[in-house]
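[1] What shape does this take:
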Amino acid sequence: MSTTENVYTGALQAPAPFNSIGVKVDSYGQQEISPNSRWKIKSKKRVSFPLEEQIVSGSAEPWNPWKADACVTVEEIISSYKLSCKKLGVQPIHKLLTQLQEITETHHRMKCLDLQGEMLDYESCEALEEIFKRIQFKTINLEWTKMDEDGASALFNMMEYYDSTFCLSISFTKNIGRRGWKAAAQLIQKSSSLQEFKASGIPMMERPASCVARGLKLNYHLRVLRLDRARLSGRPLMLLVSALKMNQMLQELYLADNNLNSVQDSMYLRDLLEVNSAIQLLDLKNNCIFNTGLEDICEGLKRQKQGLKTLILWNNKLTHKGMIPLAAILPNLTYLETLNLGRNRLSDEGVQSLKEGLIANQSVTRLGLASTAITCEGAIAAAEFIAESTRILRLDLRRNRIGTGGLMALTLATKLNHSLVQMDLEKGPVVEKEDWLIETQKQLLLTIAEHCKRNSIGKRTKPGEKRDEAM
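    You can find the predicted model right below:
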């Protein structure tokens, strides 16, 4: 038998054990130092698993970052803030101290934290954490503040972590920078309280727009987004629309003064309206939509089964030709309640084109035709709509040259109508120069106001009781 076979035919023996300090004990009680003991000491290890029902031993609620300070006093908050400012080498913000001193209780959200126009560098923002971790707010106003990129990033991260506000305005605040916008996107996406975000007056180039879009894609809380005067035309608007196609929470979108055009921008808006049924208010005033752009918007509205309730097209270079596609879809729009076409040269022909569509429509309650270059003829067309309507609540005809004939038609229409509670007209007579016509106009204006008041009393509301921003 070979040597190899002799090795494997012998009886198997367990290796001599080592004690806890690396010393081997043989079968005769002799100890031998392990050759590896001077580098490594081996110990006996065992792995065992608990029974299935014993794996989870308990649970805990997520930590509330302000709960520990629920009973802190205003004096303690001010003291902590001042101490933090001292450590960071900055002066406390006087406006902030004044607001803190007016607080009477800290366990409810405060109405507003107003830091408008303040200088907020990184250290000043870091000191504000002593406030945010103890007090929450309904509104935080950072408009026109002078922030740098580091300060903006730190501040937005704090607001997201401490769930600081329902409404945040950073309008007209420049130099937010890349990291600042990334933190703003995180705030929009993750804050469970933030419902309104205002960033008007800030050039929304491609990078900031992509950050805001990223935050909007997975947002489940934001209801209002204001991006007026943000230079959104072109690719920034495309990025925003792409995100809002996936967002079904945003209800109000303000895009005024963005120089939106009728070439690409109106098509982006058409695509948005076709897909998104959550947006209820779209403010497009002071843009360059033109008649061709309005056609695109009408195409988007035509495909909506529910959605937009307020459409503001004030000052978009529209004419009477643009009213033809709008009038065509009005009978089928069962959700649109407010339509503002003011500051466009619609002329009498434009109101006449709208008339049949408005009469067939059963949802519009507020119609804005201020500064639309209409005269008595256009007023008569509007009067025909009023006489037929059972839903119209307000009609704005200010800054038009409506003479005695038009006022007579409006007076008769308001007499027949029982829904209109407010008609906005010039306060004094216009056009006419003869005294008896001027007196007639004054009387007609009073009669129209009395008819609206009669309807208002019947509805138990007061005309002009609530300011209507859409008009």
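[2] so where's the stretch 1-150 of the chain shaky on pLDDT?
    By pLDDT under 70, the weakly predicted segments of the stretch 1-150 of the chain are 1-70.
[3] quick one: the helices in it?
    3-9, 74-88, 94-101, 122-127, 129-132, 149-162 (DSSP state H, counting those that start in this stretch).
[4] same check, this time on the stretch 201-350 of the chain
    206-217, 235-244, 265-275, 290-302, 323-329, 347-360.
[5] and these, which one's lowest on average pLDDT?
    The minimum mean pLDDT among the helices of the stretch 201-350 of the chain belongs to helix 206-217 (a mean of 92).
[6] Tell me which residues of that one come out buried.
    208-216 (16 or more other Cβ atoms under 10 Å). From N, CA and C alone the C-beta is placed, and that goes for glycine too.
[7] Mind putting the residues you listed into CSV with distance to residue 229?
    Below are the buried residues of helix 206-217 laid out as CSV (distance: Cβ to Cβ, whole Å):
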residue, distance to residue 229
208, 14
209, 14
210, 19
211, 18
212, 15
213, 18
214, 22
215, 20
216, 19
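[8] Between those, which sits nearest residue 161?
    Residue 161 lies nearest to residue 215 out of these, by Cβ to Cβ, at 15.5 Å.
[9] Against residue 303, how distant is the nearest residue to residue 358 once chain neighbours are set aside?
    What sits nearest to residue 358 in space, not counting adjacent residues and going by Cβ to Cβ, 6 or more residues apart in numbering, is residue 385, at 4.7 Å. Distance, residue 385 to residue 303, using Cβ to Cβ, to the nearest Å: 26 Å.
[10] The two - which one has more neighbours?
    Of the pair residue 385 and residue 303, residue 385 is the one with more neighbours under other Cβ atoms under 10 Å, namely 22 against 12.
[11] Contacts only, for the more buried one.
    354-355, 358-359, 392 (Cβ atoms under 8 Å, 6 or more residues apart in numbering).
[12] Neighbour-wise, give me the winner out of these.
    That'd be residue 354 among the contacts of residue 385, by other Cβ under 10 Å, with 26 neighbours.
[13] didn't it look like it was pressed against residue 329?
    No. Checked against Cβ atoms under 8 Å, the pair residue 354 and residue 329 is beyond contact range at 11.5 Å.
[14] Now for residue 188, how many residues are close by?
    25.
[15] Report the contact partners of it.
    Applying Cβ under 8 Å, 6+ apart, the residues near residue 188 are 194, 197, 212, 215-216, 219, 222.
[16] in what helix or strand does it lie?
    helix 177-190 (DSSP states H and E).
[17] before we move on, back to that, now the contacts of residue 385 as a markdown table including distance to residue 434?
    A markdown table is the format used below for these (distance: Cβ to Cβ, whole Å):
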| residue | distance to residue 434 |
| --- | --- |
| 354 | 32 |
| 355 | 30 |
| 358 | 33 |
| 359 | 34 |
| 392 | 32 |
